[in-house]
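A.B. asks: Could you work out the structure for the sequence below:
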Amino acid sequence: MAALDLQEQEQLEELKAWWKDNRNFILGALLIAVVTVGGWRGWQYYHHNQSTQAAMLYSEFVRQLKANDAGRVNDAAAAVMDRFASTAYASRAALLAAQVNEQGKDVTRAKAQLQWVIDRAGEAELRDVARLRLASLLLDEAKYAEAISLLNAEHSASFDGLYGDLRGDVLSAQGKLDEARSAYKLAYEKTDPKSMYRNLIQMKLDALVTSK
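C.D. replies: Purely as a prediction, here's the structure:
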């Protein structure tokens, strides 16, 4: 393996530091967008067919979410999750509450909410999102085996790019650079060419290629 020159090494370290600081924010925003668009039909179904009480509880949750008070967000999410666990409202409340807790550094609570979605969500897409976000938190804790186990779970083909990219991050953190390159290459191929996220994958891939 050829040694990196000083400039390449600095660029690689800067990229690693930037991605470590921003990965959860970027991934969280991207995945919420995926859920919002991809789950719209399912959302419409539940919105019109579930009980009025469930809709009212979720509306209260959204109100607390906008107020950005973590304690009230968690209480409102718990009310929906406890009383209407089988509905799409509950899984979405858990995912959004987990994001609030991630931002507030309450990782333990965020992980529990994400695991709840994995165990109980009726929509496969929501489980796919929760696994990705939980794997990202496990990566931060250097729990690589647990993260890889989540990323190896069966998931929708539309998530191949995101799963491959995060798998590359985990493998890179473990020093498994050849495996990381393969994961990033797959992620790049599976990501929409028009997506800016694809450029980020290419940057990480290029950084690893220079260390070959």
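A.B. asks: what about the most centrally placed residue in the chain, which helix or strand?
C.D. replies: Among the residues of the chain, the smallest C-alpha distance to the mean C-alpha position (C-alpha atoms, centre = their mean) belongs to R133, namely 2.9 Å. Element membership for R133, per DSSP states H and E: helix 124-140.
A.B. asks: which helices and strands sit right next to that helix?
C.D. replies: Applying 3 or more C-beta pairs under 8 Å, 6 or more residues apart in numbering; DSSP states H and E, we find helix 124-140 packed against helix 6-38, helix 88-103, helix 107-120, helix 144-151, helix 160-173. In this view, the C-beta of every residue, glycine as well, is placed from N, C-alpha and C.
A.B. asks: circling back: look up the closest residue to the residue nearest to the centre of the chain, ignoring the ones flanking it.
C.D. replies: L114 (5.5 Å; C-beta to C-beta, 6 or more residues apart in numbering).
A.B. asks: same deal with Q115?
C.D. replies: L134 (6.6 Å).
A.B. asks: How about D106?
C.D. replies: Here the residue nearest D106, using C-beta to C-beta, 6+ apart, is A70, at 6.9 Å.
A.B. asks: I'd like to know how far the one you found sits from Q103.
C.D. replies: As judged by C-beta to C-beta, to the nearest Å, A70 and Q103 stand 8 Å apart.
A.B. asks: One more: V170?
C.D. replies: 22 Å.
A.B. asks: low pLDDT regions in the chain?
C.D. replies: Residues of the chain that meet the criterion pLDDT under 70 lie in 1-51, 209-212.
A.B. asks: make it 90
C.D. replies: The chain contains residues with pLDDT under 90 at 1-69, 84, 86-92, 96, 99, 102-103, 122-126, 158, 194-200, 203-212.
A.B. asks: Contact partners for L57?
C.D. replies: Residues in contact with L57 (C-beta atoms under 8 Å, 6 or more residues apart in numbering) are A76, A79, V80, R83, F84, Y89.
A.B. asks: same thing with D75?
C.D. replies: Counted by C-beta under 8 Å, 6+ apart, D75 has contacts Q64.
A.B. asks: can we see that at 10 Å?
C.D. replies: Contacts for D75 (C-beta atoms under 10 Å, 6 or more residues apart in numbering) come out as E60, F61, Q64, D69, A97.
A.B. asks: How about the first one: what's its closest non-neighbour residue?
C.D. replies: If I follow you right, that is E60. Nearest non-adjacent residue to E60 (C-beta to C-beta, 6+ apart): A76, at 5.4 Å.
A.B. asks: mind checking how far the one you found is from F84?
C.D. replies: Taken as C-beta to C-beta, the span from A76 to F84 is 12 Å.
A.B. asks: okay, and the common contacts of those two?
C.D. replies: Residues touching both A76 and F84 (C-beta under 10 Å, 6+ apart): L57, Y58, A93.
A.B. asks: in stretch 52-68, what's buried?
C.D. replies: A54, A55, L57, Y58, F61, V62, Q64, L65 (16 or more other C-beta atoms under 10 Å).
A.B. asks: My read is that S158 contacts K190, right?
C.D. replies: Yes. Counting by C-beta atoms under 10 Å, S158 touches K190, with 8.8 Å between them.
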